[in-house]
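Novice: starting from these lines, generate the structure:
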Amino acid sequence: MNATNTTSLDEWFIEYANVELQDLWITVSVSILQLLILGALIRIEITSNIGRKTIFSTLNVLLFVMIISNLLIMVFSQLYSVCYDPVWIVIYISLSYLFSGVLESVILIYSWIRGFPVIQLVFPRCQVYMNGFLVLFVILEIVQFVFLLLQQIAMYTSLLNDQLDMLTYISTVIPVAVNVVVILFDAFVAGFYVRYLRSVRGNDLDVEKLEILAYYGIASCIFLEIWLSGIVIYNYFVISPTLNVLKLSVSLRFYDLGPLAFMFLQLAMKWALRNEEVRRDSRKRIRIESAKMASSGQPVMTLNLEASRPSKEKRQSSGFKQSDSIKE
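Specialist: Model prediction:
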């Protein structure tokens, strides 16, 4: 980091430590809440008679890993900010980088698996290409971690001092490349969501579950774009010749707490999908009962199959810009 004077640099280090400590306790509190919500949702799923759910499903495991990885990032960042031993500084900051790579990789894998049912309808041959892309992305994350680790070793120890400039340059370029890849991936996925929603709008199809995936998928992609842009802004402020402590602290806080909002969005999508499964099961039971009454010769009462789902008017007023509702 370049600064106009030592006093400004010292002021920033003090502010950095304060922000990291505050963000750590926020992250610990919110992460515990998110784990409780996730546990409650999983319990509802496995105790319900609707569908076959398991505790350790792929999506549940990925959500758990996201929450824990983000928590560990904050723990090791805090340990780094109050540590003065060069060896332990390298260890703490390297572990923080490691779990940052895990978090980014898991977010992409989760987004891909969650959105696959929608994306496959638009691009049936996408699975082979996307699986290959995810493998390459994980390799890129590993390469990034290795160079960041070497840079920290060169910066805080007597090893690799002659290579510090080269390692610093590479360690600056690779994270930019990673962020660009993630931004392009999000734009790619969001494009398929939008295309799918346009294709089903006004059609007489029962696709509410896929619509939920698409709407929440678009919201997730938009939020990730904003969060990644915030990371770029933070990195710019760090290397800026003119040190602005306020801008740095605000951007750092957005950097630290952004993943918490993203994970709340995923939990909300999980809850919305669960509610849709309940509504679908209710409509199915109504049809079965109606068919039994008809086959037995009993008078069949007029059953409102729309009672367990949002009406056209409610759907139009829910904030989704649809000219025609999806009818059953």
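
Novice: please tell me how far L108 sits from P259.
Specialist: 13 Å (Cβ to Cβ, to the nearest Å). Using the backbone N, CA and C atoms, a C-beta is placed for each residue, glycine as well.

Novice: looking only at neighbour counts, state which of the two leads.
Specialist: P259 (26 against 22; other Cβ atoms under 10 Å).

Novice: the more buried one against L103, yeah?
Specialist: Yes. P259 is within contact range of L103, at 6.6 Å (criterion: Cβ atoms under 8 Å).

Novice: okay, and the common contacts of the two?
Specialist: Common contact partners of P259 and L103 (Cβ atoms under 8 Å, 6 or more residues apart in numbering): M66, N70.

Novice: tally of neighbours for the closest residue to S199 other than its chain neighbours?
Specialist: Excluding its sequence neighbours, the residue lying closest to S199 (Cβ to Cβ, 6 or more residues apart in numbering) is V122, at 7.5 Å. Per other Cβ under 10 Å, the neighbour tally for V122 reads 14.

Novice: OK, contacts around V122?
Specialist: F192, R195, Y196, S199.

Novice: buried set for the host helix or strand of the second one?
Specialist: R195 is located in helix 164-200, with elements delineated by DSSP states H and E. Of the residues in helix 164-200, those scored as buried under the neighbour-count criterion (16 or more other Cβ atoms under 10 Å) are 167, 170-171, 174-175, 178-179, 181-183, 185-186, 189-190, 192-193, 196-197, 200.

Novice: helices and strands around that helix, which ones?
Specialist: Using 3 or more Cβ pairs under 8 Å, 6 or more residues apart in numbering; DSSP states H and E, the elements in contact with helix 164-200 are helix 86-122, helix 126-156, helix 208-239.

Novice: just name the most buried of these.
Specialist: Mean neighbour count (mean count of other Cβ atoms under 10 Å) peaks for helix 86-122 among the helices and strands packed on helix 164-200, with a mean of 19.

Novice: list just the nearest of the contacts of V122 to L24.
Specialist: Top of the list for closeness to L24, among the contacts of V122 and by Cβ to Cβ, is F192 at 36.9 Å.

Novice: could you list the buried residues of stretch 253-272?
Specialist: Buried-residue list, stretch 253-272, by 16+ other Cβ under 10 Å: 253-260, 262-263, 265-267, 269-270, 272.
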